[in-house]
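*Asks:* Quick one: sequence plus predicted model below, questions after.
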Amino acid sequence: MTGAAPLLEVTDLAVEFRTPGGVVRAVDGLTYQVEAGRTLAIVGESGSGKSVSSLAVMGLLGPTAHVTRGTARLNGTDLLALPPREHRARCGQDVAMVFQDALAALNPVLTVGFQLTEALRARHRISRGEARQRAVELLDLVKVPHARERVRDYPHQFSGGMRQRVMIACALALDPKVLIADEPTTALDVTVQAQVLRLLAEIQAERQMGLVLITHDLGVVAGVADDVTVMYAGRAVEQAGVLGAFRSPAHPYTRALLQSVPQLGSRTRLPVIPGRPPGPGDRPAGCPFHPRCALAQDVCRADPPPPLVEAAPGRWSACHFAGDVLRGAAVPAETTPEGDPR
Amino acid sequence: MSDVVLEVRDLVKHYPVRRGLILRRTVGAVRAVDGVSLALRRGSTLGVVGESGSGKSTLARVLVGIEEPTSGQVLVDGTDVSTMSRADRRALRRDVQMVFQDPYTSLDPRMSVSEIVGEPFAIHRTIPRGGRDRAVRELLELVGLDPDHANRYPHQFSGGQRQRVGIARALALRPRILVCDEPVSALDVSVQGQVVNLLADLQAELGLSSVFIAHDLAVVRNIADSVAVMYLGRVVEDGPADSVYDGARHPYSQALLSAVPVADPTVRLSDGRGILLEGDPPSPVSPPSGCPFHTRCWLAPTLPEASVPVPEGEEVQARRVPPSCSGEVPLLVGAGGHHAACHFARPLAEVRR
Ligand SMILES: Nc1ncnc2c1ncn2[C@@H]1O[C@H](COP(=O)(O)OP(=O)(O)OP(=O)(O)O)[C@@H](O)[C@H]1O
Ligand SMILES: Nc1ncnc2c1ncn2[C@@H]1O[C@H](COP(=O)(O)OP(=O)(O)OP(=O)(O)O)[C@@H](O)[C@H]1O
Ligand code: SF4
Ligand SMILES: [Mg+2]
Ligand SMILES: [Mg+2]
């Protein structure tokens, strides 16, 4: 974080779903900010609320979902306080999203070219012919082979990675100030992935676009992110610059996650964090990570940790022992009982 | 019986390209899979990696019998599937299962998760109705999902949760052969590790054989016994996983391995690490002559063979490659079960010397 005014600032966001089985708190206090020209990576547990929180920012949640707390300020305006129509209109202007489910987000009965052309014409005052030309250029840009021919194809005729690139092209067509990209490169091979990420970086530098990149690929995060927000059980548990987050994580979940990254070097049984993440309905008392945390103490089982405290300059963590973890302690110093053999 | 459980020979799958709204004329073909031969050994995992759009999902669909090949054979336990009786084919549908690449559209949105995961029991009647609920709960637990969420519908799950529903369903019938198309791409690395370890356990305990398609080369390394690298509808390199990872011989595989992002923030993408591939991926509608990789190959232009005199009357190309690269299709050749389809195949260490 550089101290410039953030372009998009999400504060204490909470989202609930009303289901027959009860209320599901999918997002429970998420805070992050992204500045112009910078990339914020959101990483974290599968099911921790990354996609739901993004849909909330975009105003695209379904009828069973409710934003129960928080704000999402775009250039100072709280999007969540706007009437739904205005909210979506503002986003249409300034915020674009690449959806995690590329196939479901594309209309199966319309050609890829038509969908791109419509996206372009919705945003820019251009003729259909011009839009068609731009659509081909955009697909070329994201490396869809033979774009001129393939604009006439339907989504099911594209491979998984080609559909993802169509989604990226659609989002870029909108010329957004902020782009939220939810797992945009999972279906791309690493060489095409590198090309697409470079393209995003170029566009970002040129237009000073803010990029929120949601991904499970920690190699990608290390390669392109400026800042990192780590989510667990619906909330941000760590926030830091990319160097700090990888070098000296300040939350035990981040540390454990980094230790689980599979290595290219040799074949081994993959390291994992023991236990299963809690579902939104059965979050434990105290710190939501305590049943799986190697450092957990009594206080972790009893008291919820503070939302995010600054353990060191620019290093935010939601852990009772943030400072110890940051310094690389295996066991928090304060509470190790005297003479404990550990 | 040989220990090869699943094999394809010269497999070709073309999709017609049709144009025109009223008269749908066929004007060409997408050569999605263009002559692939592979073998899966009993109790082992074959990793398939490669270019996006190179035909991996198409190959998977033909392997499990969802699509018919244009030509070539699929053999299970040495028997050509196309010659099997209907009863045998039905049994096969139970023994060979697939995890689909797209966790969103491959699950029926109108069915609850317990119905989705339990459906194979109902179709194949392997477990009496009374025991199905318990079996479903067990399966969900196995893939790290909360069994109490069995009554939810797919849209109520996150991407990674849906992906695991697909895996649970594929495991329901205890298949002998599992074809996984990007089964862990939506999972955080810890859950991903759990699923990969689960597959390894099933392999050890039940003799499960699997084909594992993924873009994450590190994950493939940690599960696969052998690996095939695909480019534009073909296998350009295959062999024992260690041999391919430690000594890739095809320039495409070498580029791919060099581009794997590492979880080290001092190595930035903008630093241009690894072998960069120039140019655009070619189209499977009109693949290049000779070696399918020659239009983007980083090695070919650097070879002394590339500087042969240009025949009278022919234009001098800006990008020159050896005539064999643009003229002759390289075959998969090699020793010790490790093959590469390149006229100039050699380990990177030798190229760089
Ligand atoms: N419509 C819904 N009804 C009830 N619960 C839901 C609904 N949609 C999502 N959830 C729950 O909300 C939580 C957060 O989901 P979300 O899709 O945001 O996760 P995610 O962080 O994007 O995960 P992934 O990395 O797997 O995509 C999950 O536990 C999910 O099961
Ligand atoms: N039903 C279809 N009709 C026409 N073309 C198709 C069809 N299905 C696939 N293709 C084409 O076949 C080629 C191979 O696609 P496939 O989905 O097998 O690639 P892939 O290797 O799985 O790619 P990815 O890694 O992006 O998922 C692509 O060019 C794709 O557009
Ligand atoms: S045959 Fe030629 S073009 Fe093809 S991979 Fe080998 S060197 Fe490159
Ligand atoms: Mg998601
Ligand atoms: Mg695919």
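*Replies:* Happy to help now that I have it. Ligands and ions are numbered 1, 2, ... in the order given.

*Asks:* helices and strands of chain B: which one bottoms out on pLDDT?
*Replies:* helix B:348-351 (a mean of 83; mean pLDDT, DSSP states H and E).

*Asks:* How about residues contacting it?
*Replies:* With contact meaning Cβ atoms under 8 Å, 6 or more residues apart in numbering or on different chains, helix B:348-351 is reached by B:247-248, B:254, B:299. C-beta here means a position set from N, CA and C on the backbone, and glycine is covered the same way.

*Asks:* want to try JSON lines for those residues, with distance to A:Ala318 as columns?
*Replies:* Supplementary listing: the contacts of helix B:348-351 in JSON lines, determined by distance: Cβ to Cβ, whole Å:
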{"residue": "B:Gly247", "distance to A:Ala318": "46"}
{"residue": "B:Ala248", "distance to A:Ala318": "43"}
{"residue": "B:Gln254", "distance to A:Ala318": "43"}
{"residue": "B:Leu299", "distance to A:Ala318": "50"}
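
*Asks:* Output the residues you listed as a markdown table; include the columns distance to ligand 5.
*Replies:* Formatted as a markdown table, those follow (distance: Cβ to the ion, whole Å):
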| residue | distance to ligand 5 |
| --- | --- |
| B:Gly247 | 27 |
| B:Ala248 | 22 |
| B:Gln254 | 22 |
| B:Leu299 | 27 |
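
*Asks:* Now secondary structure too, for the residues you listed, in CSV please.
*Replies:* As requested, those are arranged in CSV below (DSSP: H, G, I helix; E, B strand; the rest coil):
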residue, secondary structure
B:Gly247, coil
B:Ala248, coil
B:Gln254, helix
B:Leu299, coil
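
*Asks:* What's the PyMOL syntax to select whichever of those are buried?
*Replies:* Selection of buried members from the contacts of helix B:348-351 for PyMOL, criterion 16 or more other Cβ atoms under 10 Å in any protein chain shown:
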select buried, chain B and resi 247+248+254+299
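
*Asks:* By proximity to ligand 4, which residue of chain B wins?
*Replies:* Closest approach between chain B and ligand 4, counting by Cβ to the ion: B:Gly159, at 4.1 Å.

*Asks:* Could you check how far the residue nearest to that residue when sequence neighbours are not counted is from A:Asp217?
*Replies:* Counting by Cβ to Cβ, 6 or more residues apart in numbering or on different chains, B:Gly159 lies nearest to B:Ala186, which is 4.1 Å off, once chain neighbours are set aside. When Cβ to Cβ, to the nearest Å is the yardstick, B:Ala186 and A:Asp217 sit 11 Å from each other.

*Asks:* same check, this time on B:Ser209
*Replies:* Distance, B:Ser209 to A:Asp217, using Cβ to Cβ: 28 Å.

*Asks:* likewise B:Leu208?
*Replies:* Taking Cβ to Cβ, one finds B:Leu208 at 27 Å from A:Asp217.

*Asks:* hey, what's in contact with both of B:Ala186 and A:Asp217?
*Replies:* A:Thr186.

*Asks:* all helices of the chain, in order?
*Replies:* All of this refers to chain A. For chain A, applying DSSP state H gives helices covering A:50-58, A:84-94, A:102-105, A:112-123, A:128-141, A:147-150, A:160-173, A:190-207, A:218-224, A:242-247, A:252-259, A:298-302, A:322-326.

*Asks:* if you could check chain B rather than the one you did, that'd help
*Replies:* Per DSSP H, chain B carries helices over the ranges B:56-63, B:86-95, B:113-124, B:129-142, B:159-171, B:189-206, B:217-223, B:241-246, B:251-258, B:323-327, B:348-351.
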